[in-house]
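Trainee: Test case, fold it:
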Amino acid sequence: MSAKVFISTGSNIGDKFRYLELAKQKISNLRLTSLIKCSTVMVTAPVGVDNQDEYLNQVLLIETALSPLDLLKEFKDIEKALGRKHRIRWAEREIDIDIVCYGDVVMKTEEITIPHEQMLNRLFILRACVELMPDHVVPSYGKTFLQLYESLDDSVKQQKVRAFTS
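Mentor: Numbering: from 1, shown residues only. Sure, this is the predicted structure:
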């Protein structure tokens, strides 16, 4: 059985666009997985830590038969293969790959929380998800991406997000 999965990718070190492209390529080559659609690449300010370069972020929509934990393991392997170094939480990173939503799964373990626990605190994630599938109902919230986007907190709405142009 397969599920539609929304994935957030981001980079703020080195050739950021290349990291996003390599991650997208590796994700699309995963077994039992198909890349369906990609959002606009966005430039975003870092959240949580100062004195960092801006991020490039993109959300991917895939369909996969991999379980959430198997998919997470694959993403950690891709991050490692692309040279991500272990740093403190919220620190700069070569590549970051997160599961935003996985079908209708709701889960919270030591390794993962689905839907992503920071989804409502990151303007770019909801903006990109609205671009990809505005009417998708997000489990545990019972609202569509568009409804969640429209009801974001004012502090989140003020985050700086713009389309990337190469």
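Trainee: I'd like to know which elements the lowest-mean-pLDDT helix or strand in the chain is packed against.
Mentor: The weakest-scoring helix or strand in the chain, judged by mean pLDDT, DSSP states H and E, is helix 154-157 (a mean of 92). For helix 154-157, not one helix or strand is in contact under the criterion 3 or more C-beta pairs under 8 Å, 6 or more residues apart in numbering; DSSP states H and E. (C-beta placed from N, C-alpha, C; glycine too.)
Trainee: Any chance you could list what contacts it?
Mentor: L120, N121, R122, L123 (C-beta atoms under 8 Å, 6 or more residues apart in numbering).
Trainee: Can you point out the buried residues in it?
Mentor: Residues of helix 154-157 classed as buried by neighbour count (16 or more other C-beta atoms under 10 Å): none.
Trainee: Could you list the paired strands of the next helix or strand after it along with their orientation?
Mentor: The helix or strand immediately downstream of helix 154-157 is strand 161-163, counting by DSSP states H and E. Strand pairing for strand 161-163, determined by DSSP bridges: strand 42-44 (antiparallel).
Trainee: So which of the contacts of helix 154-157 belong to helices?
Mentor: Using DSSP state H, L123 are the members of these that sit in helices.
Trainee: Now distance to E94, pLDDT and neighbour count too, for the contacts of helix 154-157, in CSV please.
Mentor: CSV is the format used below for the contacts of helix 154-157 (distance: C-beta to C-beta, whole Å; pLDDT from 0 to 100; neighbours: other C-beta atoms under 10 Å):
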residue, distance to E94, pLDDT, neighbour count
L120, 26, 94, 18
N121, 22, 92, 16
R122, 19, 92, 22
L123, 23, 95, 23
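Trainee: Can I get the least confident helix or strand of the chain in PDB, CA atoms only?
Mentor: The C-alpha coordinates for helix 154-157 follow below in PDB (Å, rounded to 0.1, in the frame of the first residue of the first chain):
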ATOM      1  CA  ASP A 154       0.800  36.600  12.700                       C
ATOM      2  CA  SER A 155       4.400  35.900  13.800                       C
ATOM      3  CA  VAL A 156       4.600  33.100  11.300                       C
ATOM      4  CA  LYS A 157       3.000  35.200   8.500                       C
END
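Trainee: Tell me how far that helix lies from the chain's centre.
Mentor: Centre-to-centre, helix 154-157 and its host chain are 19 Å apart (C-alpha atoms, centre = their mean, to the nearest Å).
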